[in-house]
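*Asks:* what shape does this take:
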Amino acid sequence: MASSHHMEYLGGTRESPLCRATIENPGRFAMRFRQRSGASIPAFLLALGGLVALLSVPIAPAQAQGEIYTVRGVPVDKTAGTAAEARQAAISEGHQAAFARLVERLVPKAQQGTVPVLGPGLVEFYVLDFSVDNERTSAVRYLAELSFRFNAQEVRTLLRNSGVGFAETRSKPLVVLPVFEAQGEVPRLWLEPNPWRAAWAQRGPAEGLVPLQVPLGDLSDVASVDAARALAGDAGALDAIAANYRAGTVLVPHATLSGDAALGNARLDIVTARYEAGRRLTTTREAFTQQASEASAAFFARAAATVDATVQEAWKQQNVLQFGNRRSIAVFVPLTGLSDWLEVKRRIDGVAAIETVGINTLTRNEAAMEITFVGDEGRLTRALAQRDLFLALREDSNWELTLTRGGGGLRQVQPPPPVFNQAPASDQTPASGQPLVPDTQ
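*Replies:* Now for the predicted structure:
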């Protein structure tokens, strides 16, 4: 029996551990709505044109937490004595699998082993709710896809109390241009066959903090960039393909094949370059040898997954939240109207490193705020840049926050130098063991 219905169940909390959701308890079915914190600013305050003293307004990273702490599409397939028993076992297993995927998303690899192991009953206390899709049952078997919303504050507390570093900042989308070159042949990007591009295109939805987007290869994409311009780092071509997908960075993994993947004796040498705003940021070199009995498609898929993992790991390491380093800075925001202020406030809401924002004064032309955050100014600048907010020191040594890319009428400015794509000095080796080479050009 199959069901296409979408069902959602509330999870238990530490305050009410007896409210665990089970599929036998349909009374727990509910629709949930997120409440956003922060005070709204009446329009007449800006119209007054005078200074307005306001109380400190906490802005929680609700948007970042909502998506980042949601794990979707966890497949479960269990067989037991009865359908009910199989269903219970599948949901319990789904909780465990979802938490493992969340840890992989947030925690750098070197620290994942220090995350506390949670038993099946305990994991439920960190789940706000979960939903069921594509449910199928038989007399003794249960299959479904589960999605979980974790309690961000509780998970944060668990990791912090365990001394585990983790990141929450989501990067702008990253466009991937997989260039394939068989030994002795011309490099190809859009032309077939390109098993390297196929491997990237067949990857599932983004799981990490860096969303990866493989272009569709339509007429607009083909007109924007080709293999030769991608390999040459042509700034105009790469900016054009990035604009097609509203991306912040372009990744060009160039895979050179030697041997024959169909015969099982292939080797891939991959040079991956990252570009932003016409600049090459980093270059990594990795090599893969086809394993015994490994199909050609699986070989290319493994290489793509490893390159992806290298990108995710570098980002996590550079954006670990530094809760032991809390500071505040005064920030001025130039305004041209109420819409500017509302847009700035919307974008700030969702920056994981920011704990509170205090609005000191507000005029028709400028807002003066105090931002309390964890980490240093460089990491804050990096996190704000992912929300198209530009933080920089003015000539008078005061911090100024402006919208980038034509945000709501504020002047357009260039984003800060894209140092966020460079691996930290303490970890300059990608997964394959080949050295990472920062580019200076």
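
*Asks:* sketch out the low-pLDDT regions of the chain for me.
*Replies:* 1-66, 405-441 (pLDDT under 70).

*Asks:* that one: helices as residue ranges?
*Replies:* In the chain, helices defined by DSSP state H lie at 43-48, 62-68, 83-106, 120-123, 152-161, 195-201, 219-224, 227-232, 235-244, 296-318, 338-348, 377-385, listed in chain order.

*Asks:* dump those helices into TSV; add mean neighbour count as well.
*Replies:* Just so you know, the C-beta spots here come from the backbone N, C-alpha and C atoms, and that holds for glycine as well. Compiled in TSV, those are given as follows (neighbours: other C-beta atoms under 10 Å):
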stretch	mean neighbour count
helix 43-48	13
helix 62-68	18
helix 83-106	19
helix 120-123	15
helix 152-161	16
helix 195-201	22
helix 219-224	15
helix 227-232	18
helix 235-244	18
helix 296-318	20
helix 338-348	19
helix 377-385	21
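
*Asks:* quick one: these as JSON lines, columns for distance to residue 209 too.
*Replies:* Output for the helices of the chain, formatted as JSON lines (distance: least, C-beta to C-beta, whole Å):
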{"stretch": "helix 43-48", "distance to residue 209": "35"}
{"stretch": "helix 62-68", "distance to residue 209": "7"}
{"stretch": "helix 83-106", "distance to residue 209": "6"}
{"stretch": "helix 120-123", "distance to residue 209": "22"}
{"stretch": "helix 152-161", "distance to residue 209": "14"}
{"stretch": "helix 195-201", "distance to residue 209": "18"}
{"stretch": "helix 219-224", "distance to residue 209": "25"}
{"stretch": "helix 227-232", "distance to residue 209": "24"}
{"stretch": "helix 235-244", "distance to residue 209": "19"}
{"stretch": "helix 296-318", "distance to residue 209": "6"}
{"stretch": "helix 338-348", "distance to residue 209": "18"}
{"stretch": "helix 377-385", "distance to residue 209": "11"}
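
*Asks:* and residue 285, which of these is closest to it?
*Replies:* Distances from residue 285 to each of the helices of the chain were compared by C-beta to C-beta, and the smallest falls on helix 296-318, at 10.8 Å.

*Asks:* and of the helices of the chain, who's closest to residue 135?
*Replies:* Proximity to residue 135, assessed across these by C-beta to C-beta, is greatest for helix 83-106 (8.7 Å).

*Asks:* and the closest one with helix 296-318, angle?
*Replies:* Between the direction of helix 83-106 and that of helix 296-318, the angle (axes from the mean of the first three to the mean of the last three C-alpha atoms, to 10 degrees) works out to 60 degrees.

*Asks:* how about the contacts made by the residue nearest the centre of the chain?
*Replies:* Centroid-nearest residue in the chain, with C-alpha atoms, centre = their mean: residue 209, separated by 2.1 Å. In this structure, residue 209 makes contact with 68, 105, 106, 167, 168, 169, 170, 171, 312, 315, 316, 319, judged by C-beta atoms under 8 Å, 6 or more residues apart in numbering.

*Asks:* would you mind measuring from the nearest residue to residue 327 once chain neighbours are set aside to residue 399?
*Replies:* Spatial nearest neighbour of residue 327, chain neighbours left out: residue 373 (6.8 Å); criterion: C-beta to C-beta, 6 or more residues apart in numbering. Distance of residue 373 to residue 399, computed by C-beta to C-beta, to the nearest Å: 12 Å.

*Asks:* one more: residue 211?
*Replies:* From residue 211 across to residue 399, the span is 29 Å (C-beta to C-beta).

*Asks:* same question, residue 83
*Replies:* For residue 83, the distance to residue 399 equals 60 Å [C-beta to C-beta].

*Asks:* swap in residue 144?
*Replies:* For residue 144 relative to residue 399 (C-beta to C-beta), the value is 49 Å.

*Asks:* more neighbours: which of those two?
*Replies:* More neighbours surround residue 144 than the other of residue 144 and residue 399, with 23 against 18 (other C-beta atoms under 10 Å).

*Asks:* domain-wise, how is this protein divided?
*Replies:* Taking automatic domain parsing as the domain assignment, the ranges for the chain are 2-33+66-161, 174-318+423-438, 326-410.

*Asks:* how far off centre is the last one?
*Replies:* The one in question is domain 326-410. When C-alpha coordinates are averaged (C-alpha atoms, centre = their mean, to the nearest Å), domain 326-410 and its chain have centres 21 Å apart.

*Asks:* kindly report the same for the longest one.
*Replies:* Between the centre of domain 174-318+423-438 and the centre of its host chain there is 18 Å, according to C-alpha atoms, centre = their mean.

*Asks:* now the common contact residues for residue 373 and residue 399.
*Replies:* residue 329.

*Asks:* residue 166: what's it in contact with?
*Replies:* With contacts defined as C-beta under 8 Å, 6+ apart, residue 166 is in contact with 106, 107, 108, 111, 156, 159, 316, 320, 321.

*Asks:* surely the fourth one meets residue 167?
*Replies:* No. Proximity of residue 111 to residue 167 does not meet the contact threshold set by C-beta atoms under 8 Å, at 10.7 Å.
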